[in-house]
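**Student:** structure, please.
(chains A, B, C and D)
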Number of protein chains: 4
Amino acid sequence: MTPESALHELRARMGAVNLRLLESLLEYYQVARMIGQEKDRLHLPHFDARREAEMLGEILEANAASPARLPDDMLARIFKEIFKNSTEFMGVQQRKTLRVHRNSGAGDHVITLPHGRIGGGEAAIIAGPCSVEGRDQLYKTAKPLRDAGVRFLRGGAFKPRSSPYSFQGLEEEGLILLREVADELGMDVVTEVLSVKDVELVARYADVLQVGTRNMANFSLLKVLGSLHKPILLKRGMCATMEEAILAAEYIASGGNNDIMLCERGIRTFETWTRNTLDLAAVALFKQETTLPVVVDVSHALGRKDLVARMAFAALAAGADAVMFECHCHPAAALSDADQQLDMEQAVALVRHIRDCDACIPSSMK
Amino acid sequence: MTPESALHELRARMGAVNLRLLESLLEYYQVARMIGQEKDRLHLPHFDARREAEMLGEILEANAASPARLPDDMLARIFKEIFKNSTEFMGVQQRKTLRVHRNSGAGDHVITLPHGRIGGGEAAIIAGPCSVEGRDQLYKTAKPLRDAGVRFLRGGAFKPRSSPYSFQGLEEEGLILLREVADELGMDVVTEVLSVKDVELVARYADVLQVGTRNMANFSLLKVLGSLHKPILLKRGMCATMEEAILAAEYIASGGNNDIMLCERGIRTFETWTRNTLDLAAVALFKQETTLPVVVDVSHALGRKDLVARMAFAALAAGADAVMFECHCHPAAALSDADQQLDMEQAVALVRHIRDCDACIPSSMK
Amino acid sequence: MTPESALHELRARMGAVNLRLLESLLEYYQVARMIGQEKDRLHLPHFDARREAEMLGEILEANAASPARLPDDMLARIFKEIFKNSTEFMGVQQRKTLRVHRNSGAGDHVITLPHGRIGGGEAAIIAGPCSVEGRDQLYKTAKPLRDAGVRFLRGGAFKPRSSPYSFQGLEEEGLILLREVADELGMDVVTEVLSVKDVELVARYADVLQVGTRNMANFSLLKVLGSLHKPILLKRGMCATMEEAILAAEYIASGGNNDIMLCERGIRTFETWTRNTLDLAAVALFKQETTLPVVVDVSHALGRKDLVARMAFAALAAGADAVMFECHCHPAAALSDADQQLDMEQAVALVRHIRDCDACIPSSMK
Amino acid sequence: MTPESALHELRARMGAVNLRLLESLLEYYQVARMIGQEKDRLHLPHFDARREAEMLGEILEANAASPARLPDDMLARIFKEIFKNSTEFMGVQQRKTLRVHRNSGAGDHVITLPHGRIGGGEAAIIAGPCSVEGRDQLYKTAKPLRDAGVRFLRGGAFKPRSSPYSFQGLEEEGLILLREVADELGMDVVTEVLSVKDVELVARYADVLQVGTRNMANFSLLKVLGSLHKPILLKRGMCATMEEAILAAEYIASGGNNDIMLCERGIRTFETWTRNTLDLAAVALFKQETTLPVVVDVSHALGRKDLVARMAFAALAAGADAVMFECHCHPAAALSDADQQLDMEQAVALVRHIRDCDACIPSSMK
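**Tutor:** Sure thing, here's the model as predicted:
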């Protein structure tokens, strides 16, 4: 037989094997589907590491007994791929079992705060200084924002600083100032909590507790926030995958607190013209995969002022429910992030701009 | 004297030094400005490595002679910073001397092709299969696009493949098919050129020559394209900084060919839910820094179909002049990039969607 | 005057300005040096955000008053560069004021544990399963390691898992097993602590508390560990810069706990043949900048077994004091990281190999 | 039936499906193996995009006909995974069919040059200035190197510069100087070729042609170099995966030129203390996967002088056959890369250091 015809025959045979593989896979997924349903009835998670290990064990035994035996680790790799693809599929269900997931039916989750809503329609704006430095600085920053219609005041009282010797924020003093100024102006307070031990303190003053990019995978903090009755703004880790960010949100939701906003704030790459690389595909995917409102922090993502207007529009077009930015009544003298904080004139112009952009987006694209 | 008062005194002294530094810097920039003007008169580039080396040499000599001598390499580092900051400033002028740069006055550069324009208004759409596989496949893909109003047909005849043994494209046969189908339907051909030796051949059939992400820093190819009288679509390298991409465009422009489009197609990061990370801040910065039309290749940036509609809108909001995507009359059987190619129904829907999005963007944001 | 001679004259003038800049800079650093000394006397940190803001304020005022006025933000950018370069220089001193920094004089810090030392000579080996799954699994994994001479047993009792529904570890049950098995075999326990609330519990059973890559920037956890009297193994964040890792160690040291090991475990990049990219230059820089012992976790860095032997040698050559790896008595059935865990035969061979490599490194390169 | 028992039953059923999948897979690989052999007889590449598309087509048809039909794209994804895993396995064979691959039998490829060998034993050293700036600079740099025993002189005559207006190298003048100085001192010339049109010119003067990091995926250049009878030093792209680098080498080898060195020179990441991140796992994998000598360019990888000695040792420990670095008789005045070029005293010390490190590596680890 010529190699050509031999090849031809072998290909026919492989085609037959493929069809048998297809058959088995079709059944596999039917069974997987049914198992998923039973697990739902039993309120069990769909993914089960122990069970996968067992199945693999059985397969490796059978392989060991076969004359055509394949290397165990290779076979393990292949079946993990098959399992992964299966859970990829069960995953559609499984992710649907995530509390944060957008179930076929489920609509957008809207977070209602004393002075406004985030999600489900009009773009929200969260603005304020990087750090609370004093009452005067805070008021002079918040007042023009409120006058321009901004309802959500951000400001750092606990600052996560790389160096233990850098300015760490005014802590409770800062929280008190945020509360006072916000109440005086009729705004809601969004501020970061760095630690489990501060949760109660921060929750006493804040309307929204922010989890910073460095704490996205601080699972014990997330768990505590899950038992809280305050909305959480969860920032994506600067090197976290989208999946990790969604699962971090699930840590909070699994504790019973569904008032979560996912915040894209840029990821670390080699590019230097922007401080981080704003990943707007993550905004689209967060919206597609979850029911959570999505916030884009343009200030930290870009680290420069001249792009915020343009990228705020792009963020809304990508599906963002809210835009967050930093501003300061006297940027050049700011104690932190001076380069990226807008002055109040720029800030007020940006607020108007965001309104205009939001207005021009057809509801079909919201 | 107490340390406190000593510190106080030293700070006063440092304040005085700062003012002297300011004075010198103010003069430095006045001189720099004047040098820039003289250089413009002499048609010299502003940045001059040799001259900087000379200046540094003089400074190091003076340092060597000083009792307060500082380590040479440290001083070199500092002065390179000062020079950089100075050219940062001259750079505003210098970049303005780049042919591609948006000079205060200069408006958007518009590229006029037989069947349409790219830049300066209505969003252009460039679509077609990843690879030209045959006349039937090409026609069945191009026809519905043309019927939907798409004027620019993309398709790969020379494919840059990681493996020398992968399908390398139909080469000239593919070019001929592109030309025939495009002429029959009344479209313009956008196709990639991989090598200096193919430039003439590709230019014979194509209306726009594409430089792929792998060739962005292939400076000899860029130089040859600079002497061509055909528009170039220059893709950003998948790990190129924005600055490198703009300078790559300048390589072409410096040869006399100003018909250049910059194309953002995603950069490599750790994220896996999208094949690359679409960097829309680059679109905003390309528009801000240059007069060139900016294209966004949503297919290669995302590597998945379900995000293209949403991200095409975000791209336009970020300022893109054109959207490029891949489609195929029978995606599952495509010889390359099957996962990311839309079928024709999806493709036609996307074309309509891009039109609608484009229409809703206020001219002030174009 | 011809442009050429004008240019010549201007360059001479710029040369003169450069010399004035040099003069001012030389003085600037003398003053900076003296300020550093006063601050040391006053036990103040060298970097002072408020003070820099003040200085900048004065400079901007002077600039405002000048006829040759430059844009404020540009000038701010330039002076921040000059400050940065100055602290770059003071930084040499400043970093020397970090407790973890290698002061000219200071020798390597050695961590002494009940059953062995880490740092200052012979390469240490930390090995064990990814997760503690049960007494049998733990014993069968630890025994051959101990027989091969390994003194440090690692194992996860609290597992940081991306999904709240994944196996989270046996928690206290796991800690008890680690302690029992380690005591029976005469080993020291290295295990991760995920949360401030668990510190006391973990410290009760562990000899070394590990801070995982996800918690490197969990500053409140670091602060608590700073007040502990147990050695800490601090893993570099998977997207943390070297500087951030060193400052994270300083958070611990600033609390009074100097028994810290820095652990390089790979960073996230686009490369896929290894799970992370092992950054051995970080090992060299951690050794150069700090006195801390440096550990390299080859298992998590590579995510594959076939490279561990080779890269363990490279890690030692780069200056690592210890190598950490994962192994399992039955890898294929492991509940986590099955792909990267060595079986016991491979593990014992690796231990011997590390010994041999260590032996061949001249003391001059330790 | 209770959900528990239903679940139990379903799991049993899934176990059975798994065994059928195993059976089919075992056969699949037998057939794959046989196909591979036939293809070898026919000198066909193992991977065949068209054939995979056909097989997929058949499978999708069968799926369409099935009552349990699964979404086409999902099934396509799954089978592509199965194919990938299969070629993962055939890949072992397939990669073995790569000319550059380390076939079970094949030993290290050694490159023999007029004045020395690279690969297969003693560590080679390639050193010289970044750019050839003139005879005096080149001689003063090369002489001490040669006196220290360095046999391979590197120097840039054609410089790939980001800006078209930067110093582009002395071109042929530089090549002539390299040849003259090398001949006078008895050294071999390693220099970069940027373009197909320069290959002949560079080959006339150089002993080794270097492909720079920007040209690694310039496939048409690689193909031309494949027909050359001179050794090629191929640098990994700064954002190329290891697999892409190996396939780039195969482009050269497939043309008949097997004298290829792979060079790791660092990849782009977020880290800033080193200019690039030196990926030494790539060195280990290049050695494991191919027979090619592996070079590590410590200068470009690190961009700083103080780490080169340490990392050169780590590179050798990782398996590198040669170390390349930049030095200059007067670094501070260098026209390019001044920061990273060693002065000659440092360079000579490094040469000695590399010798000592090389000597201490047991042959078992070479």
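**Student:** interface residues of the stretch 251-366 of chain A facing chain B?
**Tutor:** The stretch 251-366 of chain A has residues A:267, A:269-274, A:277-285, A:288, A:301-302, A:306-307, A:310-311, A:313-319, A:356-357, A:360-362, A:365 near chain B, with proximity defined as CB under 8 Å from any CB of the partner chain. Where you see a C-beta, it was placed from the backbone N, CA and C, and this is true even at glycine.
**Student:** so which of these sit within helices?
**Tutor:** Helix and strand membership here follows DSSP state H; of these, those in helices are A:280-285, A:288, A:301-302, A:310-311, A:313-317, A:356-357, A:360.
**Student:** also within reach of chain D: list those from the residues of the stretch 251-366 of chain A next to chain B.
**Tutor:** Filtered for proximity to chain D (CB under 8 Å from any CB), these shrink to A:T269, A:F270.
**Student:** list only those of the residues of the stretch 251-366 of chain A next to chain B flagged as buried.
**Tutor:** If you count burial by 16 or more other CB atoms under 10 Å in any protein chain shown, the buried members of those come out as A:267, A:269-271, A:273-274, A:277-285, A:301-302, A:307, A:310-311, A:313-319, A:357, A:360-361, A:365.
**Student:** contacting residues for A:F158?
**Tutor:** For A:F158, the contacting residues are A:Q168, A:G169, A:E171, A:G174, A:T191, A:E192, A:V193, A:L194, A:S195, A:D198, A:V202, taking CB atoms under 8 Å, 6 or more residues apart in numbering or on different chains as the criterion.
**Student:** what ranges in the stretch 201-350 of chain A fall below the confidence cut-off?
**Tutor:** A:332-339 (pLDDT under 70).
**Student:** and it, which of its residues are near chain D?
**Tutor:** Where the stretch 201-350 of chain A comes near chain D, counting by CB under 8 Å from any CB, the residues are A:C239, A:R268, A:T269, A:F270.
**Student:** ok, of those, which one's closest to chain B?
**Tutor:** For these, the residue nearest chain B by CB to the nearest CB is A:T269; the value is 5.3 Å.
**Student:** what pLDDT does the closest residue to A:G121 other than its chain neighbours get?
**Tutor:** Nearest non-adjacent residue to A:G121, counting by CB to CB, 6 or more residues apart in numbering or on different chains: A:K366, 6.9 Å away. Here the pLDDT value assigned to A:K366 is 78.
**Student:** roughly how far does A:K366 sit from B:A322?
**Tutor:** Between A:K366 and B:A322 the distance is 25 Å, computed by CB to CB, to the nearest Å.
**Student:** comparing the two, which residue is more hemmed in?
**Tutor:** B:A322 (26 against 15; other CB atoms under 10 Å in any protein chain shown).
**Student:** tell me which element A:V189 is part of?
**Tutor:** With the criterion set as DSSP states H and E, the secondary-structure element containing A:V189 is strand A:188-192.
**Student:** next secondary structure element downstream of that strand?
**Tutor:** helix A:199-205.
**Student:** quick one: contacts of that next one?
**Tutor:** By CB under 8 Å, 6+ apart, the list of residues contacting helix A:199-205 from outside reads A:157-158, A:172, A:175-176, A:178-179, A:189, A:191-193, A:209, A:221, A:224-225, A:228, A:230.
**Student:** continuing past the biggest helix by length in chain A, what's the next helix or strand?
**Tutor:** Ranked by residue count, the top helix of chain A under DSSP H comes out as helix A:3-41. Moving toward the C-terminus from helix A:3-41, the first helix or strand encountered (DSSP H and E) is helix A:49-65.
**Student:** could you pick out the residues of the stretch 151-300 of chain A near chain C for me?
**Tutor:** Looking at chain C, the residues of the stretch 151-300 of chain A close enough under CB under 8 Å from any CB are A:160-167, A:194-198, A:214-215, A:217-221, A:223, A:237-239, A:243-244, A:247-248, A:250-251, A:254, A:268.
**Student:** again, only using 6 Å
**Tutor:** Along the stretch 151-300 of chain A, the residues adjacent to chain C under the rule CB under 6 Å from any CB of the partner chain are A:160, A:162-165, A:167, A:194-196, A:214, A:217-220, A:238-239, A:244, A:247, A:250-251, A:254, A:268.
**Student:** mind listing what the nearest residue to A:A312 once chain neighbours are set aside touches?
**Tutor:** Nearest in space to A:A312, with sequence neighbours left out and distances taken as CB to CB, 6+ apart, is A:V323 at 4.8 Å. When the contact criterion is CB atoms under 6 Å, 6 or more residues apart in numbering or on different chains, the partners of A:V323 are A:I125, A:V296, A:A312, A:A315, A:I354.
**Student:** and A:T112, helix, strand or coil?
**Tutor:** With DSSP: H, G, I helix; E, B strand; the rest coil as the basis, the three-state label of A:T112 is strand.
**Student:** so what pLDDT did it get?
**Tutor:** For A:T112, the model assigns a pLDDT of 97.
**Student:** next, the angle from the helix or strand A:A249 falls within to helix A:280-289.
**Tutor:** Element membership of A:A249, judged by DSSP H and E, is helix A:242-253. Our comparison of helix A:242-253 with helix A:280-289, counting by axes from the mean of the first three to the mean of the last three CA atoms, to 10 degrees, yields an angle of 50 degrees.
**Student:** give me the contact list for helix A:242-253.
**Tutor:** With contact meaning CB under 6 Å, 6+ apart, helix A:242-253 is reached by A:98-100, A:216, A:219, A:222, A:225-226, A:232, A:234, A:236, A:260, A:262, A:282, A:285, A:289-290, B:273, C:162-164.
**Student:** swap the cut-off to 8 Å and go again
**Tutor:** Here helix A:242-253 makes contact (CB under 8 Å, 6+ apart) with A:98-100, A:216-217, A:219, A:222-223, A:225-226, A:232, A:234, A:236-237, A:240, A:260, A:262, A:282, A:285-286, A:289-290, A:292, B:271, B:273, C:162-164.
**Student:** from those, which ones fall inside helices?
**Tutor:** A:F219, A:L222, A:K223, A:L225, A:G226, A:A282, A:L285, A:F286, A:E289.
**Student:** and these, which two are furthest apart?
**Tutor:** When these are compared pair by pair using CB to CB, the two farthest from each other are A:K223 and A:L285, 24.5 Å apart.
**Student:** what sits against A:V224?
**Tutor:** A:V196, A:V199, A:G255.
**Student:** quick one: it and chain D, what's the gap?
**Tutor:** Applying CB to the nearest CB, to the nearest Å, the value for A:V224 to chain D is 30 Å.
**Student:** again, but for A:P362
**Tutor:** In this view, A:P362 and chain D are 28 Å apart by CB to the nearest CB.
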